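>>> I'll drop the sequence and a predicted model, then ask my questions.
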Amino acid sequence: MALKRRTAYKAEEEAGKAEKDKSEQDEMIDVLNGRIHRLGEQVALYDGQIRAQTEETAAAEATLLEATAEMDIVSREKARLL
């Protein structure tokens with residue numbers, strides 16, 4: 001009889017430990033899922049910033065190209081006048 005009680009007590013202890021372990025794992029999964037979500041939001045933000053910077057760079061390069069062309073025209077006109 002005592003052996004059955006000890007066996008039952010040990011089984012209850014093991015079940016309690018298993019429940020505690022599962023609860024800790026569930027909590028860790030929730031933490032990691034939250035982190036995944038936040039990192040996904042950061043990636044989306046950075047992607048948007050990269051797109052905006054790429055567009056700004058292209059616009060700046062176009063402006064620079066236009067200014068260079070205008071400087072060449074002015075330089076040639078200056079040389080022609082001198």
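Yep, that arrived. Residues are numbered from 1 along each chain as shown.

>>> do you know how far the most centrally placed residue in the chain is from residue 22?
Closest residue to the average C-alpha location of the chain: residue 43 at 3.1 Å, with C-alpha atoms, centre = their mean. As judged by C-beta to C-beta, to the nearest Å, residue 43 and residue 22 stand 31 Å apart. C-beta coordinates here come from the backbone N, C-alpha and C atoms, glycine included.

>>> can you check residue 15 too?
Applying C-beta to C-beta to residue 15 and residue 22 gives a distance of 10 Å.

>>> try residue 49
Distance of residue 49 to residue 22, computed by C-beta to C-beta: 40 Å.

>>> so where does residue 3 fall, helix or strand?
helix 2-81 (DSSP states H and E).

>>> Could you check how far that helix is from the centre of its chain?
0 Å (C-alpha atoms, centre = their mean, to the nearest Å).

>>> now that helix: mean pLDDT?
Average pLDDT, helix 2-81: 94.

>>> what packs against that helix?
Contacts defined by 3 or more C-beta pairs under 8 Å, 6 or more residues apart in numbering; DSSP states H and E place helix 2-81 against no helix or strand at all.
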